[in-house]
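Chemist: Model the following, please.
(chains A, B, C, D and E)
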Amino acid sequence: MVEFLWIIIALPLAGAVFLHFFGRYLREPLSGWLASAAVGGSFAFAVAAAMPFLQGGEHAETLLLWEWMPAIGANLEILWDPLSALMVLIVTGVGFLIHVFAIGYMHGDERFHRFFTNLNLFAASMLTLVLAGNYAMLFLGWELVGLCSYLLIGFWYVRAAPPPAAKKAFVVNRIGDFGLMVGLMIVFSAFGTLSYSGIFERAGAELTTGVATAVGLLFLLGAAGKSAQIPLYVWLPDAMEGPTPVSALIHAATMVTAGVYLIARSAAIYELSTVAQITVATVGALTALWAASIALAQRDIKKVLAYSTVSQLGYMFLAVGTTAYVAGIFHLMTHAFFKALLFLGAGSVIHAMSDEQDMHKMGGLLKKMPVTGWTMAIATLAIAGIPPLAGFWSKDEILGSAFARGGWFSALWVIGLVTALLTAFYMTRQWVMVFLGEPRWDEDKHPHESPAVMTFPLVVLAVLSVVGGLINTPFRLTLEHFLEPAFEMVSMQRPPEGWAMFALLAGLSVLAGLAGAAAAFLTYRQPEQGWRGFETGFEPLWGTWEGAYHVDDIYGRVIVAPGRKAAEAAAFAVDLPVIDGAVNGVARVVRGVGDWARPLQTGFVRNYGALLLAGTVTVVIWLVVGS
Amino acid sequence: MAEAFLFVLMGIGALAGAVTVVIARNPIYSAIGLLGTLLSVAVLYVAQLAHLVAAVQIIVYAGAVLTLFLFVIMLIGVDKDENRDETLPYQRWIVVALAVVIVGFAAGVTLFGNFDWVPAATTTLPESTNGTIEAVAEPLFTDWVLAFEATALLLTIAAAGAIALAHYRRREV
Amino acid sequence: MVDPGWYMALAGALFLIGALGLLIRRNALVMFMCIELMLNAVNLTLISAGRALNDINGQVAVFFILVVAAAEVVVGLAIIVAIFRLRASASVDELSELKG
Amino acid sequence: MITPEISWLAILPEIVLALGAAGVLLVEVQWKPESNVLGTIAAGSVLFAAAFSVLQWAQAADSVEFGATGDLVVFSGLVLMDGLAIFGRFALLAVTAVGLLAGWKYIDSLGRRSAEAIALVLLASAGFSIMVAANNLVMMFLGLEVGSIALYVLAGMSRERARSDEAAIKYFLLGSFASAIFIYGVALLYAGTGEFEVLGIRQFLGSFVVFSPAVILIGLGLVVVGLGFKVSAAPFHSWAPDVYQGAPAGVVGYMAAVAKIAGFVAITRILLTGVQALDADWLPVVAGIAALSMLIGSTLALVQGDVRRMLAYSGVAHAGFILTGVVGGTTEGVLFYLAVYSLQLVGAFAVAAAVSGPDNSESSLESYRGLGRKSPFLAGSFTVLLLGMAGLPVTSGFIAKFGVFAEAWTNGFRWLVIVAVLASVIAFAFYLRIIVAMYMDESEVPAVDVPPTSRWVLIVAVGTTILWGILPGSLLSLAADALPL
Amino acid sequence: MLTWLVLLPVAGAIVVLLTPRARQELHLPLGIALSILPLGLALYVFGVFEPQAQMQMTELHTWYEPWGITWNLGIDGISMPMVVLTTILVPVALGASTKITTRTKEFVVYTLLLEAGMIGVFVSLDLFLFFVFFEAILIPMYFIIGIWGSERRIYAAMKFFIYTAFGSALMLAGIIALAVLHNEQVGSPSFALADLSGLDLSIGAERWLFAAFALAFAIKVPVFPLHTWLPDAHTEAPTAGSILLAGVMLKLGTYGLLRFNLLLFPEASVDAIWIMGILAVIGIVYGAAVAIVQPDLKKLVAYSSVSHLGFIVLGTFALTSGGLQGAVIQNVNHGLTTGALFLLVGMIYERRHTKQISEFGGLQKVMPVFAGFFLFMIFASIGLPGLNGFVGEFLVLIGSFTTLPTLAIIAASGVILAAIYLLWAYERVFTGVPDKEENETLTDLSVREVSLLAPLATLVLLLGLYPNILLDKIAPSTEAILDRIEASTDYVVPPPGRLGDVFVAGEEDE
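Modeler: Numbering: from 1, shown residues only, chains lettered A, B, ... in the order given. Reported below is the predicted structural model:
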C-alpha cells in the first residue's frame, strides 16, 4: 500500500497538468468534474491507506521517491503516519466538496478550466506539504501552496483589487518563509539533515535549549506567515478578493492550517523549549482575541469570516503552544468543516445576491434560500461552541488544556474564554443580519437558492459540523488514540481529569457562547436603526474595529514607505551617482589628463627641442646620480 | 707653454664665435661667428697634432659648408634683422633653467665626482699620435674602409634628397 | 702640455652653447649653425680624447662626422630653401600648424 | 702594403640595395620608363638583399654552431653578422617591401619624382641595415644618418606642401639635434673607454675596474637619448605626431617602422651587450623611460581626433612596451615585438593612406565613419590590425606584449609590468574608438577605393598578425635564435 | 573531442562567412543549424561524462615549448554544466534574433565566435590558453552590443570592454607571475593548472595573486561594487547579447573564482572568506533593493542578476559541499532563468519597442501564453521550490550557514526582496485592464517563440525537481576542491559542511 502513496499527490497533479494543457478543449462542467474526481480519488486512496492506523498498532512509514539535494540530506520522501494521514483526509475530503461546489460557483467564468487547474495544483501542493518526510519537501509544498494561493487570489486579474492582494499574500508569506528558511539552516547545521526521522529521534539528545528556542521561534515566524497570526495576519483579509471557493479551501480549511501542522509536526523541537511554547501560545491567544474583536464590526460577509478564521487559527496556536497537539489538530479538523461550510454558504449567498458582499444590503434571505440559511445556522452554532456541535468539543479541549497547564496559560485561558464570547456574538450577528430581518437589498437583486451542486456540499459539511466533534469527546478519545503514534516521543498536555472539572470548564465556555449568541440575536433581531444605534454606541471603538485597527496603514507608513525610500536612495542616490560615478570618474580623469597634456604639444619646434634637451638632462643626471 | 697660450687664446675665440652665432641678430654675423669658431677649433686641432683633420676642417667647413650657408643666406635675403624678444611663452626661462642645471651638474660632477675624462690606465705619451696624412690614412683605408664606403651612401642620399626636395618646386612654382 | 680635459671641457661648453642656441633662435638657418657648432664640439672631444688615449682612431672618426655634417647641411639647406620659397620666411615659429 | 679585410657576404644586402637605388635613379634619368619598371628594380633589389641575408643567417648559424663566432666580427669590427643584426636586417627588408607596396599609389602619383622616392627608400633601408649591424658606434652613426636623412627628405616629399614642409623641418632640426647628442655621447664613451666598438666597450667594462664611470654614464645617457629619439620614446617623442600627420601617408608607415626597428636593435645591442656590466645603473632609467612612454602615449592617443596622430602616439606607447622588453634583459621579446608591430604599423598606415585619399589631407576620425559598410575589406583588416596593436588575444600583438611583460617580470621590474598592463587597458580605449567610428556609426561616407598593392599589404599584415597570434612559435624561435654576439 | 567542441563553432562561423552577403535570409537559419551541432556534441559529452573528481577527456598539445604554453583541454564537474549551458543558450539566442535585419551575417559570425570562446574558457586547463579565450570573447560581444544595441550602445559597449579588460589586465600580470614562479621553482615555465597549483607560494604573494585574479573575476560576475557596467551593457545589448551575457559571460567570473582562486590560492581563499562573503551578501540585498525601483524592465532583470550572482559567490566562498554544489548548479539555473527572462523582455520589446514598465499594463489579457511563461520564469527566479532557482539558492544558503551564519541569514532575506520586485513588476506589466491602445493590439507568442521558451522551461522544471542529473556529476569535483583546501591549509570545513557529514536516516542501523 505504502509504496503507492505517491498516487495521492499524483492524481491531483495529473489533473492539473492535464487541465493546463487540454482544459480549454473541454466543455465547462467537464473539467470541473475531472478535477473533483482527481481529488476524490486521492481521498478514496487515502482512506484505504489510513485503515491500518484505525486498527492502531501500525506505525509510521517512509517512502523515498527520489533524491533531491543529497548535499543537505533533502530528498523527496513521503512520511505516512497518523498525523499526515489525518491531514490528507481533511485536505482531500473537504477539498473534494469544495471542488464540487466550485463547479456551480464558477459557472460561466471564461477561465473556468484554468480555475480548476490551479485548484488541483493546490491540492497536489498541499498534499506534498502534509506528506513530506523532511523539512525540505515540506518547504516545497509550503511554497507551492503559497504560489497557488497567489494564483487563485489573483484569479480575476483584470479587476483592480485582486492582483495587489495576491502579491501582498505572497510577499507577507515570504517574510514568514524567511523565518522558516533560517530555522531550517539552523536545523541542518545542528543535525546534518533535514529529514524528520533523522531529526526527531536525536533532537532530545543533540539539541540545546537555546538552539531549540531559536528554531522554535523561527518556525513560529514561518507559521505565523502561513497561518495569518500576529503580526503577519494582514494578508488574509485581503485574500478574500479571490473567488469564494478559494477562500473556503485555501484560506479557511487547508492552507492556512499548515502553520499549525508545522508546529505540531515539530513537536519534538518545541518539546525542548518552554519559551517557544509560551510564545506560540501567547501569539495564538492574542491573535484570537484581536481578530475576533475586528470581526465584530465588519460589514463584508467574507471579511467577517476571514477575521474569524484568523481568530480560530489563534485557538489552534494556543493549543499547540500549550502542547495540546491533539486538541490543536482536532480543532483544525472541526474548523475545516464548519469554516468551509460558512465560506461556501457565504459564497452561495454572494452568488445569489450576484456578487453583493455587504451585509447591510442583505437580510431576510432565509425564506429565499433555506438550505444555505439553515446549514449556515448549524455552522454558526458549531463555531460558537454550542454543544454537542463539533466546535464545542475541540474548542473546549483547547481551553481545558490551557487551563490545566496553569500559570501563564491560565491567563491565556481567560483570553480564550472572552474570545469564545466574541466569536459567538459576531457569528450570530452575521447570521441574523443576513438571513433574518426584513430585506435590505437593492431592487435589481433577485436572490434564489443555489443549485444542488452547490447545496450538496453544504449539507455534507453541515452533517460533519454536527457529528465531527464526536470522534474525540472526553468519553471516547478516538482521535487521540489515532494520533498517538505521531506524538509518542513528546509529552502532551491534556485537559484536566475528572468530570467536575470538565463540567465546570465546559459550562463556562458554553455560557460564554450562549451569552454572546443571545446578545447578538437580541440586538440584531430589532429593525435596522436599532442595531445601527447599538453599533454607534460603541464609537469610537466600533470604528477602530471596523477599520481593523488601521494596521494596514501603520504597516504602510512604518515599513513599506521607508523601504521604498531606501530602495530609491540605493538606486538613484548611491548606485548612479556614487558607484557608477566613480567608474566614469576614473575614465574622465584619464581623458582629463590627456586633454590637459595636449596643449603641451605646442607645435613649436623649439619647445620640442627644449623638451628633448630637458629629457636628456634628466636621463643623464639620473644615470650619474643614480649610480 | 706655447700650447697653453694657444689653448686660452683660441678657446676664447671659439667661445666668442659660438656666442656670436647664438646672439647675432643677423644670420650673416652668425655665419661670421661660426667661421671664427671653426678656425679657432682648427687651430686647437693643430695644437693637438691633428694636422690633417685641421686642414680638412678649414677646407671642408670654412670652405664648402660655410660658403653654402652664406649662399643660402644671400638667397633668402639678409635685409631684415631678427628681433630678439622671445615669442614663445616660458621658452626663455626654460632655456635659462636648463643652462643653469647643466652647468651646475657639469661643475658638480667634474669638481666633486672625482671625474676623469679618460681612464688613467690608458693614457700615455701624446707625441706618438701625430695626425700626419699617413698616420690617419692607414687606418682610414684598412680598418675603417667600410665606413669610408658608407660615406658614399651618405653623399648619394644628400644629393638625391636635395634634388628630390628642389625638383618639383621647379614645376610648381 | 695642456691636459686634454681642458680641451674637452671647452668642447662641452661649445656643445652647450650650440644646444641652447638651437632653443633660442627661431631662424632655421641659425639653428642649423648651432647644430654645426655642436658637431664641432664633438670633433674637438674626439681629437682630444684620441690624443689622451694615444689612439689615432679618434681623428679618423672626425672625418666621418665631417662628412655627415656636410650631408646634413646639403639636405637641411634644401629643406630651408624649399620652405622659404613657400612662405618667404625662415622662422620656424611660423610652422606650428601641426600640434596637439 | 696592408690590405683591408673584406667580407662581402656581410655587406651584400646593403650593396644590393644601394645598387638598386642607383639603378633606379640612372634608369630614370636615362629612359624615363613607367614607374612600374622602377618598382620592379626596387623589388628585385629588396628580394636579392633578403636572399643574401638568408645566406647570412645560415652562415651565422654555422659559425655559432662551430663556436667560430669570431668569424661574425667582420671589417675589423666595424660591423657584425650576428643573429641580432640579421634578424633586424630581415625585418627591415620585409618592412621595405610592404612599405613600398603600401606607398606605391603615392609614389606613383609623384610622377617623375617617383624615382627619387624609391631610391630614398632603398637607401634609407641600406643605411638602417648598416646601423643594425654596426658594432662600431661611428659606423652606427653613419648608418643612422644615412637612414635619417633619407627619412627627412621623404617626410618633405608630399604634394600637400605646407604640412609636409613643416613635418620635414621639424623632423630635420630635431633629428639633427638628436644625432648630435648621440654622437657626442659616442665621443664621451670613446673618451671614457678608448673604444668605439660595442664589443670593445663590453670588454673594457669587463676587464678594467672603472672607478668613476661618470663620463661613460653621461656618454651612455646621451647615446640612449639619441636612439630613444629615433624610436620616439617619451620624452623624446614630440616630433612623432607632427611628422606622422604631416608626412605623406603613403610612406609614414615605412618611415616609422624602419626607424623603430633600427633604433631598437641598436639600443638592444648597446645596452644588452655593450654596457650590460652597468645595468644596475641604466635599468631603472630605461624602465622610467618605458613607463613614461607607455603612459604619455596611451593617454594622449586617447584624446586625438586625427587617426594618424593617434597612431603616432600609440607608436610612443609601443616604444614604451618594447623598452619594457629591453628592461626584461633579453632580445627575444624585443625582436618579436618589433617584427609584428612594424608590419601592423605599415598595414595600418596603408589603410590611413587609402582613406586619406590622393591629396593626402583627410585623416580625421570623421573620415572613418561608416567605413565598415562602405569598404568592408579595408575596415575589417584595419580592425584586425588595431586589435593586434591593442594586444588582444589571437593576434600576434598579444603574444608580443605577453613576451615582453614576462621578461620584465622575470627581471624583477614588476611595477613596470603593472604600469604596462594598465597602459594597455587605456590603449584599448582609443583603438576601440576607431572601430566604433568604422562600425557603429551610421553616417554615410563615400566608398574608399583600395589600391591593389595596398590590398596585398593588408593581406600580408593581417595574415601575419593572426598567424603569429595563433602559432607564434615559428617567429618566436627565430627571434630566440637571433642573439647578439 | 573538446577540441572539436571549441572548433565547431569557429568552423560554423567560417561557413557563414563564406555565404554570399546578398543572401541575407540564409544567414540566421544557417547559423542556428550550425549552432545545433555543438549542442549535440555537448550533450554527448554530458552523456559520457563520468562522475569523477579528476579532469576528463583531457587533451594536451604543446603550443610553444620554451614558454611552456600548451593547448590543454579538459572537463570536470564544474565546467561540464557550463559547456552544456553555453551550447544550449546559443541556438536560443540566435533564434531570438529574427528582428536583426542589418548585417545579419556578421551578427551570426560574432555569435558563433563568441560561443567558441566561451566554450574555450570553460574547457581550457592552461592559464595562458584560458586567458586567451577569456580576453578574446570580449571582442565579439563588444561588436554585438556596439552594432546591434539600442541608443546608448556605444557607451555601454565601451564601458563593458574597458571595465572587464581592466580586470583581466591585472590577472594577466598575475598569470605571468605564476609562470615565472614556476620557472624559478621547477626550472621551466608552465601555465598548466595542475603544475601551478603545485607551487608553494609565500602567503603574501598568494594574497596578492588572489587579489589580482579575484578582481578580474569579481568584475565579470559582477560583485558589488564593481557591477555598474552590467545594467548598461544589458539594457543596451540586443536580446541575444543579453541572453549570452547574463547566461554565460557572467558565469565566467564565478567559474573563474571556483576554478582558479580556490584551486591556486587555497590559503588566501580561506582568508578571503569573510571579505568575499560580505561583498556577496551586500550584492544580494543591494541588487535586489535597486531592482525594486527600476523603471526599465531590462535594468530590473539586470540588477536581479547582480542579486542572484551574489548567492553564487557566497556559496563559493562558504567552502562547504552544499555551498559549492549550489554555486555550480546556480550558475546553470541563473543562466536558464535569466536568459529566459531576457528572451521574454526581448519579445515584448520587439512588439512595443519599449522596455519601460510604465508603458505596459494588462498584458495578460492580450497575451496569456506570454504572461504564463513570464510568470513561470519569475517564480523560477524568485526561487520557488520545484523550480531550479530554489535548488541553487537553498543549497547555497544551507551550505553557507555552517561557515558564515550571519551572512547566510542576511542573504536569506534576499528571497523576500526577490518576490517583491519581480511580482510587483509582473503586477504592473500584466494585470489590470490594458489601458493603452497599443497594448490592446499586441499579438501573443508565435510558434517560434514558444519553441524557444519551451526547452528552457522544461529544463527549469527538470532541474528543479531532479537536480541530481547534474549534482551527481558536480559533487565529486566540488568535493575535490574542498579536499585540496583542507589538505593544503589548516582550515577544516566545520561539520556538517562536508558531504560525509550529512546524516542519512537509518544508516547507523546497518
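Chemist: For the helix or strand that E:Ala11 is a member of, C-alpha coordinates in PDB please.
Modeler: Using DSSP states H and E, E:Ala11 sits within helix E:2-18. Extracted C-alpha coordinates of helix E:2-18, given in PDB (Å, rounded to 0.1, in the frame of the first residue of the first chain):
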ATOM      1  CA  LEU E   2      36.800  19.000 -26.600                       C
ATOM      2  CA  THR E   3      38.900  20.500 -29.400                       C
ATOM      3  CA  TRP E   4      36.100  19.800 -31.700                       C
ATOM      4  CA  LEU E   5      33.700  21.400 -29.300                       C
ATOM      5  CA  VAL E   6      35.700  24.500 -29.500                       C
ATOM      6  CA  LEU E   7      36.400  24.400 -33.200                       C
ATOM      7  CA  LEU E   8      32.900  23.500 -34.400                       C
ATOM      8  CA  PRO E   9      31.500  27.000 -33.800                       C
ATOM      9  CA  VAL E  10      34.600  28.500 -35.400                       C
ATOM     10  CA  ALA E  11      34.100  26.300 -38.400                       C
ATOM     11  CA  GLY E  12      30.500  27.300 -38.400                       C
ATOM     12  CA  ALA E  13      31.500  31.000 -38.300                       C
ATOM     13  CA  ILE E  14      33.700  30.400 -41.300                       C
ATOM     14  CA  VAL E  15      31.000  28.700 -43.200                       C
ATOM     15  CA  VAL E  16      28.600  31.600 -42.600                       C
ATOM     16  CA  LEU E  17      31.400  34.000 -43.500                       C
ATOM     17  CA  LEU E  18      31.700  32.300 -46.900                       C
END
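Chemist: Could you tell me which residues make contact with D:Val334?
Modeler: Residues near D:Val334 by Cβ atoms under 8 Å, 6 or more residues apart in numbering or on different chains: D:Phe264, D:Thr268, D:Ile322, D:Gly325, D:Val326, D:Gly328, D:Val404. The way it works is simple: take the backbone N, C-alpha and C, and place the C-beta from them, glycine included.
Chemist: Pick out the most distant pair among the residues you listed.
Modeler: Greatest spacing in the contacts of D:Val334, by Cβ to Cβ: D:Phe264 and D:Gly328 (12.9 Å).
Chemist: residues of stretch E:448-457 that come out buried?
Modeler: Neighbour-count burial for stretch E:448-457, counted by 16 or more other Cβ atoms under 10 Å in any protein chain shown, picks out E:Glu449, E:Leu452, E:Leu453, E:Leu456, E:Ala457.
Chemist: Looking at those residues, which is nearest A:Ile621?
Modeler: E:Leu456 (67.7 Å).
Chemist: quick check, that closest one in a strand?
Modeler: No. Using DSSP: H, G, I helix; E, B strand; the rest coil, the secondary structure at E:Leu456 is helix, not a strand.
Chemist: Let me know whether it touches E:Leu341 as I believe.
Modeler: No. Judged on Cβ atoms under 8 Å, E:Leu456 makes no contact with E:Leu341 at a distance of 9.9 Å.
Chemist: and E:Arg21, backbone torsions?
Modeler: Backbone torsions of E:Arg21, given as degrees, to the nearest 10, read phi -60, psi -30.
Chemist: For it, which non-adjacent residue is closest in space?
Modeler: Leaving aside its chain neighbours, E:Arg21 sits nearest to E:Lys105 (5.9 Å; criterion: Cβ to Cβ, 6 or more residues apart in numbering or on different chains).
Chemist: any idea how far that neighbour lies from D:Gly185?
Modeler: E:Lys105 sits 57 Å away from D:Gly185, going by Cβ to Cβ, to the nearest Å.
Chemist: do C:Val74 as well
Modeler: Here C:Val74 is placed at a distance of 25 Å from D:Gly185 (Cβ to Cβ).
Chemist: Among the two, which residue is more densely surrounded?
Modeler: Neighbours per residue (other Cβ atoms under 10 Å in any protein chain shown) separate C:Val74 from D:Gly185, with D:Gly185 holding more: 27 against 22.
Chemist: Could I get the pLDDT score of that one?
Modeler: pLDDT, D:Gly185: 95.
Chemist: where does it land in three-state SS?
Modeler: Three-state call for D:Gly185 (three-state DSSP): helix.
Chemist: what helix or strand is residue 38 on?
Modeler: In the absence of a named chain, this looks at chain A. Element membership for A:Ala38 (DSSP H and E) is helix A:28-55.
Chemist: should've been chain C
Modeler: Per DSSP H and E: C:Met38 is located in helix C:28-53.
Chemist: quick check, distance from that helix to the centre of its chain.
Modeler: In this view, helix C:28-53 has its centroid 6 Å away from the chain centroid, taken as Cα atoms, centre = their mean, to the nearest Å.
Chemist: Could you list every helix and strand that that helix packs against?
Modeler: helix B:2-23, helix B:27-47, helix B:66-76, helix C:4-24, helix C:57-87, helix D:161-193 (3 or more Cβ pairs under 8 Å, 6 or more residues apart in numbering or on different chains; DSSP states H and E).
Chemist: Burial-wise, tell me which of those helices comes out on top.
Modeler: Of all the helices and strands packed on helix C:28-53, helix D:161-193 has the most neighbours on average by mean count of other Cβ atoms under 10 Å in any protein chain shown, namely a mean of 26.
Chemist: Which positions in the helix or strand just after that one come out as buried?
Modeler: Once helix D:161-193 ends, the next helix or strand along the chain (criterion: DSSP H and E) is helix D:198-207. Within helix D:198-207, the residues scored as buried using 16+ other Cβ under 10 Å are D:Val198, D:Leu199, D:Gly200, D:Ile201, D:Arg202, D:Phe204, D:Leu205.
Chemist: Determine whether any part of the next helix or strand after helix D:198-207 lies close to chain B.
Modeler: Sequence-wise, the next helix or strand beyond helix D:198-207 is helix D:214-230, with elements assigned using DSSP H and E. Yes. Applying Cβ under 8 Å from any Cβ of the partner chain, one finds helix D:214-230 in contact with chain B at D:Ala214, D:Val215, D:Ile218.
Chemist: of these, closest to chain B?
Modeler: D:Ala214 (4.8 Å; Cβ to the nearest Cβ).
Chemist: follow-up on the earlier one: report the angle between the helix holding C:Met38 and helix B:66-76.
Modeler: 170 degrees (axes from the mean of the first three to the mean of the last three Cα atoms, to 10 degrees).
Chemist: what's the average pLDDT for helix C:28-53?
Modeler: Rounded mean pLDDT across helix C:28-53 is 92.
Chemist: Stretch D:107-118 now?
Modeler: Mean predicted lDDT for stretch D:107-118 stands at 86.
Chemist: Export it to CSV, keeping only CA atoms.
Modeler: Coordinates of each C-alpha in stretch D:107-118 appear next as CSV, following Å, rounded to 0.1, in the frame of the first residue of the first chain:
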residue,chain,number,x,y,z
ILE,D,107,54.9,57.1,-55.2
ASP,D,108,53.2,56.6,-58.5
SER,D,109,51.4,59.8,-58.1
LEU,D,110,54.8,61.6,-57.7
GLY,D,111,55.3,61.1,-61.4
ARG,D,112,58.9,61.8,-62.5
ARG,D,113,60.0,62.2,-58.9
SER,D,114,58.9,58.6,-58.0
ALA,D,115,62.5,57.5,-58.9
GLU,D,116,63.9,59.7,-56.2
ALA,D,117,61.3,58.4,-53.7
ILE,D,118,62.1,54.8,-54.5
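Chemist: How about that stretch and chain B, any contact?
Modeler: Yes. Using Cβ under 8 Å from any Cβ, we find that stretch D:107-118 touches chain B at D:Leu110, D:Arg112, D:Arg113, D:Glu116, D:Ala117.
Chemist: returning to what we had before: of the contacts of D:Val334, just say which sits nearest to A:Gly498.
Modeler: Lowest distance from A:Gly498 to those (Cβ to Cβ) belongs to D:Val404, with 97.0 Å.
Chemist: if we can go back for a sec, and the very next helix or strand once past the helix holding E:Ala11 with helix E:2-18, angle?
Modeler: Counting by DSSP H and E, the element after helix E:2-18 in chain order, helix or strand, is helix E:24-48. Interaxial angle of helix E:24-48 relative to helix E:2-18 (the same axes, to 10 degrees): 170 degrees.
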